[in-house]
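**Student:** Fold the following.
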Amino acid sequence: MGDVNGDLITFERVTCSYENQQVLKEVSFRVAPRETKVIIGASGSGKTTVLRLILGLLKPDEGRIMIDGQEISGMTEEELIGLRRKIGMVFQEGALFDSMTVGENVGYRLFEEGQLSEAEIEDRVRHLLGFVGLEEAIDMMPDELSGGMKRRVAIMRALGAVDAKMMLYDEPTTGLDPMTARTICDLIRKLRDAQGVSSVMVTHQMADAFRVGDRFLAIHEGRVAFEGTADELRQCRDEHVRGFLV
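**Tutor:** I've put the predicted structure just below:
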């Protein structure tokens, strides 16, 4: 559906506080279909708050948030659950359920919803694992996987559990060695190119940011310090933005 401009995510002058602290101040940006937006900034700058707002886990004090053409701040929890079916979320550690196999992890929400048969769920799970070269790991346990394999499984679990048009990533390469981080970045790009998925990725790893990002948003003390392309980011003279790049 999208909004009138075709964007999947729109923030218009969004201000948000919690625990009596203003975290975001008049933040505006858009995410277009098939676009990967990378959000950078120092710890505590408000990056993860943006992800929580997109999911409707927080509500803005002021401003407007449109997700796939719908203004979400007035939504009921039931309406938000429907919205979240379009959004996959990968947390920093990509935590898997230790007591479940890889296949059970990827198919967890599909089993919970009960709308597909076991055979249909297994087909979908195998397809998703095949997409990341892990179909043979379907019966393995999480503690048998490397850190990079766990992160790939977590991404497929997030993608497979929803009719995902959008993926949100919170520091998805943190704690991974450079080669494994590159594999995760390549997967994020592959989802954009092969599946048409739009993404918002929060990271402080600038090599990974440049590897996946189409456009970049720098947040400093809750405000947008920069928004633009990789080339524009490299040329930006703002001292706070330059600090992220070194």
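
**Student:** Please name every helix or strand in contact with the helix or strand of the chain at the bottom of the mean pLDDT ranking.
**Tutor:** In the chain, no helix or strand scores lower on mean pLDDT, DSSP states H and E than helix 108-113, which sits at a mean of 82. The contact analysis (3 or more CB pairs under 8 Å, 6 or more residues apart in numbering; DSSP states H and E) places helix 108-113 against helix 118-131, helix 147-160. Backbone N, C-alpha and C define where each C-beta goes, glycine included.

**Student:** By mean pLDDT, show me the worst of the ones you listed.
**Tutor:** If the helices and strands packed on helix 108-113 are sorted by mean pLDDT, helix 147-160 sits at the bottom with a mean of 88.

**Student:** List the buried residues for that helix?
**Tutor:** 148-160 (16 or more other CB atoms under 10 Å).

**Student:** How far off centre is that helix?
**Tutor:** Offset of helix 147-160 from its chain centre (CA atoms, centre = their mean, to the nearest Å): 12 Å.

**Student:** what's the angle between that helix and helix 118-131?
**Tutor:** 130 degrees (axes from the mean of the first three to the mean of the last three CA atoms, to 10 degrees).

**Student:** Parallel or antiparallel, list what pairs with the following helix or strand past helix 147-160.
**Tutor:** Scanning forward in sequence from helix 147-160 by DSSP states H and E, the next helix or strand is strand 166-170. With DSSP bridges as the test, strand 166-170 is paired with strand 87-90 (parallel), strand 198-202 (parallel).

**Student:** Highest mean neighbour count out of those strands?
**Tutor:** strand 198-202 (a mean of 25; mean count of other CB atoms under 10 Å).

**Student:** any idea where the strands of the protein begin and end?
**Tutor:** 9-18, 21-31, 36-40, 62-67, 70-71, 87-90, 166-170, 198-202, 215-220, 223-228 (DSSP state E).
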